[in-house]
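Asks: My questions are about this predicted structure, shown below with the sequence.
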Amino acid sequence: MSETKARTAEQIEADIAATRARLASTVDELVDRAHPKNVAKRQVEQAKSQVFDETGQLRTQKIVAVAGAVVGLVGVLLVIRRLVGRR
């Protein structure tokens, strides 16, 4: 059987207080992260990081790639529409 030190009531109360403080801090952080304004702010920042690099310059390669994909998709949809319309 392993030996365990008997803890005093003050030690136990100090442990409980420290645990309570850590939990309160964690809950506060979770509430802050889940707040709708903060979620929206993170999403805007993420979208901006897709368009602008670290120096604030436009990422033209990404923009051209996305524009090309959109044009390609519209072209495919128009071809499908024209093929279906012929029947």
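Replies: Good, I have the coordinates. Numbers count the residues shown, from 1 in each chain.

Asks: low pLDDT regions in the protein?
Replies: Along the chain, the parts satisfying pLDDT under 70 run over 1-4, 87.

Asks: How is this protein divided into domains?
Replies: Here the domain parsing of the chain from the TED database is 8-50, 55-86.

Asks: Show me what the helix or strand where residue 71 lies packs onto, helices and strands only.
Replies: Secondary structure assignment for residue 71, by DSSP states H and E: helix 60-85. Secondary-structure packing of helix 60-85 (3 or more Cβ pairs under 8 Å, 6 or more residues apart in numbering; DSSP states H and E): helix 36-51. To be clear about C-beta, it is placed using only N, CA and C from the backbone, and glycine gets the same treatment.

Asks: roughly how far is the helix it packs on from the heart of the chain?
Replies: 8 Å (Cα atoms, centre = their mean, to the nearest Å).

Asks: now stretch 23-35
Replies: 15 Å.

Asks: Not counting its own residues, what contacts it?
Replies: 38, 39 (Cβ atoms under 8 Å, 6 or more residues apart in numbering).

Asks: quick one: buried residues of it?
Replies: The neighbour-count check on stretch 23-35 (16 or more other Cβ atoms under 10 Å) flags nothing as buried.

Asks: Alpha carbons only: can I get that stretch in PDB?
Replies: Extracted in PDB, the C-alpha atoms of stretch 23-35 (Å, rounded to 0.1, in the frame of the first residue of the first chain):
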ATOM      1  CA  LEU A  23     -12.300  26.800 -14.000                       C
ATOM      2  CA  ALA A  24     -13.700  30.300 -13.800                       C
ATOM      3  CA  SER A  25     -10.900  31.500 -16.100                       C
ATOM      4  CA  THR A  26     -11.600  28.700 -18.600                       C
ATOM      5  CA  VAL A  27     -15.300  29.400 -18.600                       C
ATOM      6  CA  ASP A  28     -14.700  33.200 -19.100                       C
ATOM      7  CA  GLU A  29     -12.400  32.400 -22.000                       C
ATOM      8  CA  LEU A  30     -14.900  30.000 -23.600                       C
ATOM      9  CA  VAL A  31     -17.700  32.600 -23.200                       C
ATOM     10  CA  ASP A  32     -15.500  35.200 -24.800                       C
ATOM     11  CA  ARG A  33     -14.600  32.900 -27.700                       C
ATOM     12  CA  ALA A  34     -18.200  31.900 -28.300                       C
ATOM     13  CA  HIS A  35     -19.600  35.400 -28.300                       C
END
